[in-house]
Structure formats: structure tokens, C-alpha cells
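In: just the structure for this:
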Amino acid sequence: MDLCVDKKNEFEYLILVVVYNIKLCYSETIQSLIHSNEELSGSKLVIWDNSSDVQEDSQIVWVKNNLNNLEVCYIHTPKNMPLSKIYNSIRSDFQDIAKFIVLLDQDSKFCSNFFIQHKTLIKQGEISNLYLPIIKFKNTIISPAWLFYFKGFRYKTPFLGRVSSTFKTAINSGMIIDFHYFQNIFEGYDERLDFYGTDDYFMQKYQLHNTYFVILNYEFEHNLTYSFLNPNITEVIKRYHAANKAILINNEHSTMILLLAKIFLKLRGFYLYLKFRNRKFLQ
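Out: Numbers count the residues shown, from 1 in each chain. Coordinates of the predicted model:
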């Protein structure tokens, strides 16, 4: 696995995009980065491809031609490596390579104003270890959000600027993290977490060292892979149990909180059983 590490340069942004079973030209995130090309000079893009098949050479060439202001690196791991291991690999193998790391999924829609807003805050002296956009799904704010141990609540109206980090969470896609903090203060991800819970885990650890994060004056759209609106109930149940596993891992630090989390999940499973008439929610 070639990590294309260049320790001679310090990039403005190290942008990590994790894709799965999609051609790069169909990724909304890659398309959005192309539209932001002018603002990304002096940055590095790492495309981490968890697809079963490697991308065609023409896809890699297409990305490099359209993102000519960035250094582009392509990594393929056909075994669908968990996010926790991907993020830890970036932490360990890309030492002191950038000022900020940007975490992105394959299906986020944004424009260059995302990066312009961040750069503007930096110039104004608004320094933080974490910057977050406002992320919406079907016109509903899904990130940032409140998280009281295992129970989350969405913002009804967005906050901007400095926000207390206590009892807050955010989805991975769109996080702009100070790279020094990411590598040297944050201790890394629990690798028992697969594709759910890494964002909550990071935010729980973040509030131990940081009293606030900064919300950018920018919104973008993000598709949710885990939604009860998905007509494929088998896939919903699979993701539901994976998310439950992450909740238990992220709350095992306290015997009482873990017990309450288990009770909460049992009650929610019974509610979903009644709603969907599927006993697999009770497992």
C-alpha cells in the first residue's frame, strides 16, 4: 500500500476523502473539490478507496487533471478498511505534513466558500483545533448536534462562531482539524469502531482538551447512509446494529452510563420492532 508520503512539504490542507464502490467522477465530494480547486493551492488530496476493485487509471488521471492545484494521492484497500484504522493510519504515516486535515466522505456537496470561510477566520485570528460547517440533510441540520452520552438532539437553528464543546458531536465529513492536535494531542481512534461512532468518539475526546470549537458561516448538503427512510430494511437493520455497537463502545467508560445506554437501546429496539414489525430490531 503506497501512502505517497512527502515529508519535505507542509501543505495548507491534507484533504482525506474515503470512497466506497463508486467511480471517482460520480463522487459528489470529488466534484465539489474540483469546483474549489482555486482555493486549494498548496494542499494535498488523499483519496482512500475502500472499493472492491481498484479505480481505472483514467479516473485517477481525470482527478489529477481537474485538481491541478493539489498534490493527489490514491490509496486502495479492497478489504474495506474501517474508518478508525484509516484515520489512525493517516495520523501515524503523514507526520507533520499539513496545517489542517479535512475529513470528507464521498457524498458531500459544497463549493469553494467552505474553504474561503475557514481561511477568513484564520486571518481574523479565530484560532481553534476544530472548525465545522453546518451540515444539512433534506433541509434539517444534522451536524453539529447535542450528544448527551448516548442520546443525540439536533439543532433547530444554527449557531455560528465559538461554541462550547461540552455535550456536542458532529459528523466526520466536513471536519477541519488542526493537524498538530490531530497527531500529537488526540490519542487516536478506538479500532473496535468500524464505520459508525468514530465521529462521536473524536468529539468526546475533543471536549476533554478543548472548551470550544468554531462553526463556520457555511452550510453544505450531505447524504446519510444510515437512515430509517431507506426502503432496504435489511440494510437499515445491519447499520442499526453497527451503530448500536458503537454506542456501547463509546459509553463503556462508566458502568452506570453503559447500563443506561443498554436500557435505552432495548427500548428503542422494541419501538422499532413495533414500527417495522421486524424482530431483528430486538436482537
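
In: neighbours around residue 188, how many?
Out: With neighbours defined by other CB atoms under 10 Å, the count for residue 188 comes to 15. Heads up, the C-betas are built off the backbone N, CA and C, glycines and all.

In: double-check it against residue 88; I have them as touching.
Out: Yes. Using CB atoms under 8 Å, residue 188 is in contact with residue 88, at 5.0 Å.

In: which residue ranges of this structure form strands?
Out: Assigned by DSSP state E, the chain shows strands spanning 11-19, 43-49, 70-76, 98-104, 108-109, 130-137, 140-143, 145-148, 151-154, 161-164, 168-169, 176-178, 212-222.

In: ok, and what's touching the third one?
Out: Residues outside strand 70-76 that contact it (CB atoms under 8 Å, 6 or more residues apart in numbering) are 1-4, 6, 9, 11, 15, 33, 37, 40-41, 43-49, 51, 54-55, 60, 63-64.

In: please identify the buried residues of the longest helix along the chain?
Out: Identified as the longest helix of the chain according to DSSP state H is helix 255-276. Using 16 or more other CB atoms under 10 Å as the test for burial, helix 255-276 gives 258, 261, 264-265, 269, 272.

In: what's the most distant pair in those?
Out: 258 and 272 (20.9 Å; CB to CB).

In: low pLDDT regions in the stretch 51-200 of the chain?
Out: The model of the stretch 51-200 of the chain has no residue with pLDDT under 70.

In: could you redo the last one with a cut-off of 90?
Out: Applying pLDDT under 90 to the stretch 51-200 of the chain flags the ranges 95-96, 137-139, 156-159.

In: count the residues that sit near the residue nearest to residue 262 when sequence neighbours are not counted.
Out: Nearest residue to residue 262, sequence neighbours excluded (CB to CB, 6 or more residues apart in numbering): residue 248, at 7.1 Å. By other CB under 10 Å, 15 other residues sit near residue 248.

In: again, but for residue 121
Out: 18.

In: wait, what's in contact with it?
Out: Contacts here follow CB under 8 Å, 6+ apart; on that basis residue 121 touches 131, 214, 216.

In: gap between the second one and residue 135?
Out: Residue 214 is 15 Å from residue 135, where distance means CB to CB, to the nearest Å.

In: now the last one
Out: For residue 216, the distance to residue 135 (CB to CB) stands at 11 Å.

In: just residue 159 next, same as before
Out: Taking CB to CB as the measure, residue 159 falls 13 Å from residue 135.

In: in this structure residue 221 contacts residue 134, no?
Out: No. Using CB under 8 Å, residue 221 is not in contact with residue 134; the gap is 10.5 Å.

In: neighbour-wise, which of these two wins?
Out: Neighbour count, other CB under 10 Å: between residue 221 and residue 134, residue 134 has more, with 20 against 15.

In: so what sits opposite the nearest residue to residue 18 once chain neighbours are set aside in the bridge?
Out: Distances taken as CB to CB, 6+ apart put residue 48 closest to residue 18, at 4.8 Å, once the chain neighbours are dropped. Beta bridges link residue 48 to residue 18, residue 75, judged by DSSP bridges.
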